[in-house]
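S.K.: Predicted model and sequence below, questions to follow.
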Amino acid sequence: MLPSGSYSGLLTDLYELTMAAGYVQNRFRARATFELFVRALPRRRNYLVAAGLEQALDFLENVRFSKEDISYLRALPCFRQVHVDFFDYLSEFQFTGDVWALSEGTVFFPGEPLLRVTAPIADAQLVETSLLSILHFQTLIASKAARVTTAASGRPVVEFGSRRAHGVEAGVLAARAAFIGGCEGTSNTYAGRRFGIPVYGTQAHSWIMAHKDEADAFRDFLKVFPEQSTLLVDTYDVHAAIEKIIALGRKPSGVRLDSGDVLTDSLWVRQRLDHAGWNDVQIFASGDLDEDRIAALLQDGARIDAFGVGTALSTSADSPNVGMIYKLVEVDLGETVRSAAKFSQEKITYPGRKQVSRFTGEDGKFSSDVIGLDEESFEGGAPLLVPVMREGRRLEKVEKDPLVTMQRARDRYLADRARIPESILALRTAEFPFPVRYSTRLEALHDQVRQTVAGTARIG
């Protein structure tokens, strides 16, 4: 669970280790650059939100191979003929590379590097799997949260999805990513302690059902939480529950609708509470919500002040993966530097170290991006990739309070969201994607590498 010490080097796919053994044993000491990016947007997504960089950098600083890890590898059949040099390399392994990245909370698009790693080639290969896993998951959830919070039109959204997340750790990291994507808080108390995320909770139907009388359930809860009670009113009958609460004469901070006809019930509940003079009692809605249902409820005039979103958010249920990849783009052999690219059908990649430049229109909205070589600059374009690690060490001191880092990322996303064109911000698939192009120099390098490879690979 969210290790706070070293990470095992075995948190990788076997083929990363076999390639590393090949590099070490053959004394292939090139310095390589890999870039991590998304090839295409998931279904119904017009943009993505970068998240997970803090955990990725923590991994890179602390990944090691223990004696037990190395003993395990020695015993595997595929490593029986491998020279001792490889195991000596693992025993001393420490990531020493340089990293450039998009800051957390940055809105980005396909083809744009989320992370760029330059390191000895074996080192860069070994960290691939974990980097993909860490950045993929949090980017996936932050991007889903962005849609949900956009649909809520300024109303608070609380992440409720830990019980449906794909594992305990996933639930905690989903809470972190959802906060970056605009959520106000989480129901996960460990995430609250670990990251400082505001925590929220009400009561379950079991609390109501455990009492013989619903009014007693409300009264008992209000005794314990007189100032912060949000009472669940749909266990039996919403109208009857509201009347019982009013009859108690004890005003709660809010009531929660978790099922049934939420639209109709919210209208009646708001009217009844206002009639009782309880205008400041909030109506909180939950129960199988997603961005589409939230948008529909609000469009139809539902009187809801805040939302709790669980399964749809913590699993990104409608699109549970992002096609994130980690590809070699440059090999530095010392005397020569060779750009690398892939040309197989539908999996083409672009060579060379890259930078992304973002342009803004006269209306203050983002207008286009250019993906170019890292030494290129474009008048009026703001570079997005920034250096975050040199020789295996972070360039910025780690904040003692993790909420500071997360709040900065959340603020960055909200600032970006305010500048995204409305057609891209919409929940439906945009008719015209956000304009992203490759620079002329990058296109020329791509063609040059293709022609070089064509002679040996016999591609067209």
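M.R.: Yes, it's here. Residues are numbered from 1 along each chain as shown.

S.K.: Need the mean per-residue confidence for stretch 176-189.
M.R.: The predicted model gives stretch 176-189 an average pLDDT of 98.

S.K.: and the closest residue to residue 342 other than its chain neighbours, which of the three is it?
M.R.: Beyond its immediate neighbours in the sequence, the residue positioned closest to residue 342 (Cβ to Cβ, 6 or more residues apart in numbering) is residue 349, lying 4.4 Å away. For every residue, glycine as well, the C-beta is placed using N, CA and C. Following DSSP: H, G, I helix; E, B strand; the rest coil, residue 349 is assigned to coil.

S.K.: what residues are up against residue 349?
M.R.: Each residue near residue 349 by Cβ atoms under 8 Å, 6 or more residues apart in numbering is listed here: 325, 327, 329, 341, 342.

S.K.: Highest neighbour count among the residues you listed?
M.R.: Using other Cβ atoms under 10 Å as the neighbour definition, the contacts of residue 349 reach their maximum at residue 329, which records 23 neighbours.

S.K.: in what helix or strand does that residue lie?
M.R.: Remark: residue 329 resides in strand 324-332, with elements defined by DSSP states H and E.

S.K.: Identify the residues contacting that strand?
M.R.: Outside strand 324-332, the residues that reach it (Cβ under 8 Å, 6+ apart) are 30-39, 114, 118, 121, 128, 131-132, 135-136, 139, 337-342, 349-354.

S.K.: Equivalent analysis for stretch 52-68, please.
M.R.: Stretch 52-68 has contacts (Cβ under 8 Å, 6+ apart) with 3, 5-11, 90-91, 93-95, 97, 99, 101-104, 115, 126-127, 130-131, 134-139, 173, 177, 388-389, 392-394, 402, 405.

S.K.: Just the buried residues out of those, in ChimeraX syntax.
M.R.: Selecting only the buried entries of the contacts of stretch 52-68 in ChimeraX, with 16 or more other Cβ atoms under 10 Å as the criterion:
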select :7,9,10,11,90,93,95,97,99,101,102,104,115,126,127,130,131,134,135,136,137,138,139,173,177,388,389,392,405
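
S.K.: Out of the contacts of stretch 52-68, which sit inside helices?
M.R.: 90-91, 126, 130-131, 134-139, 173, 177, 402, 405 (DSSP state H).

S.K.: Can you pick out the most distant pair from the residues you listed?
M.R.: Comparing all pairs in those by Cβ to Cβ, the longest separation belongs to 91 and 177, at 34.6 Å.

S.K.: hmm, back to that, now the strand holding residue 329: average pLDDT?
M.R.: The predicted model assigns strand 324-332 a mean pLDDT of 97.

S.K.: Over to stretch 76-96?
M.R.: In this model, stretch 76-96 has a mean pLDDT of 97.

S.K.: in it, what counts as buried?
M.R.: Buried residues in stretch 76-96, counting neighbours by 16+ other Cβ under 10 Å, are found at 79, 82, 86, 87, 89, 90, 93, 95.

S.K.: Please tell me I have it right and residue 285 contacts residue 263.
M.R.: No: under the contact definition of Cβ atoms under 8 Å, residue 285 does not touch residue 263, with a separation of 9.5 Å.

S.K.: what sits against residue 415?
M.R.: No residues are in contact with residue 415 under the rule Cβ under 8 Å, 6+ apart.

S.K.: er, residue 238 actually
M.R.: Residue 238 is in contact with 257, 260, 265, 268, 269, counting by Cβ under 8 Å, 6+ apart.
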